[in-house]
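Undergrad: need the 3D shape of this:
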Amino acid sequence: MTPLQITLCAVCGALVLLFILCFFLRRFLTAPAKPREGIERFKGLALAHRGLHKNPEVPENSLPAFKAAVEAGYGVELDVQLSSDGIPVVFHDQTLERVCGLPGSTRDYPLEKLATTPLFGQEGIGIPTFAEVLEVIGGRVPILVEIKGEDPAYRVTCAKAAALLDEYPGEYWVESFNPLALAWFRKNRPKILRGQLAMAYLRHDKYKGKCKYFFLQHFLLNFRSRPDFLAYRIGDRDDRSFARLRRLYGTPAVSWTVKTKEDLAASPEAFDGIIFEGEGRPDGGQA
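TA: Numbers count the residues shown, from 1 in each chain. Now for the predicted structure:
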């Protein structure tokens, strides 16, 4: 062989080796958990997003909304973060402005203030504690608990939520946009099924150009969290990274958030279950 041929063979061999290494590295980084007992429950699952609410009359993430979901026989999806005095409360937004008309987040106020601040102006309906919500649901329907990924104290939130769930008699799972929160549960509560909340971040202007969202969109931190299921944005269901996990591993997935009849009709093809609100309610009823 001539020196040129030897060089070309070496380059081709290196490229093939690099391709093989990248293939197996990607499989290692993105692989979800192996199927575990209870994962079949996601087939046909319907979860009321922040309870069965109709803002402002029956506020989201309120005790009346959770009672309504239980009475209708739906599972519940809810959000947990901390008050300034370290109490797990059920509230979604990063700030209180939209729902309570207050600046700052739940972490800026003690429980006494949060509990007495009306949601959407509905007197007597404040931000509930996670303990209160668990008591109201009482094990009658399944619960999907989101640990808020933006919370810098997510480890504390995980620990305090887990302590309450340890005493809860019903069926529940946890989810988060933050893979490190799921990694906490993988290490500290390995028996709890955990789900990765995700979307095709880079399609949306607010996430473009930010490196971490490339990793999140392509599930490159799954090696830390090894999620049992995915909770994925229904409008991004054609994303290749999502479709790849579904195809290769059969990873169960629920869609968020099904808000229209069109979304509801599209869900069975791409998802096992749904997180719904409004017109996305499966029985066509109203909150």
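Undergrad: any buried residues in the strand ranked longest in the chain, and which?
TA: Criterion DSSP state E: the longest strand present in the chain is strand 75-82. For strand 75-82, a neighbour-count test (16 or more other CB atoms under 10 Å) marks G75, V76, E77, L78, D79, V80, Q81, L82 as buried. C-beta: built from backbone N, CA, C; applies to glycine.
Undergrad: could you save those residues as CSV and add columns showing pLDDT and distance to K206?
TA: Listed next are these as CSV, based on pLDDT from 0 to 100; distance: CB to CB, whole Å:
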residue, pLDDT, distance to K206
G75, 98, 30
V76, 98, 28
E77, 98, 23
L78, 98, 24
D79, 98, 20
V80, 97, 24
Q81, 96, 21
L82, 96, 25
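Undergrad: now do the strands in the chain.
TA: 46-49, 75-82, 88-90, 143-147, 172-176, 194-198, 229-233, 253-258, 273-276.
Undergrad: for this structure, name the helix or strand with the lowest mean pLDDT.
TA: helix 3-30 (a mean of 63; mean pLDDT, DSSP states H and E).
Undergrad: hmm, back to that, quick one: residues in contact with the longest strand of the chain.
TA: 45-51, 61, 66, 69-70, 88-92, 105-107, 130, 133, 137, 141-148, 151, 153, 156-157, 160-161, 256, 275 (CB atoms under 8 Å, 6 or more residues apart in numbering).
Undergrad: so what's the residue nearest to W173 when sequence neighbours are not counted up against?
TA: The shortest distance from W173 to any non-neighbouring residue, by CB to CB, 6 or more residues apart in numbering, is to L193 (4.6 Å). The contact partners of L193, taken as CB under 8 Å, 6+ apart, are R36, G38, I39, W173, V174, D228, F229.
Undergrad: could I get these as a markdown table with pLDDT, neighbour count and distance to L180?
TA: A markdown table is the format used below for those (pLDDT from 0 to 100; neighbours: other CB atoms under 10 Å; distance: CB to CB, whole Å):
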| residue | pLDDT | neighbour count | distance to L180 |
| --- | --- | --- | --- |
| R36 | 95 | 12 | 21 |
| G38 | 93 | 13 | 23 |
| I39 | 94 | 18 | 22 |
| W173 | 98 | 26 | 18 |
| V174 | 98 | 24 | 13 |
| D228 | 98 | 25 | 16 |
| F229 | 98 | 26 | 18 |
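Undergrad: make TSV out of the residues you listed and add distance to G250.
TA: Output for those, formatted as TSV (distance: CB to CB, whole Å):
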residue	distance to G250
R36	13
G38	15
I39	10
W173	17
V174	21
D228	12
F229	11
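Undergrad: out of the buried residues of strand 75-82, the closest to T117 would be?
TA: Q81 (14.9 Å; CB to CB).
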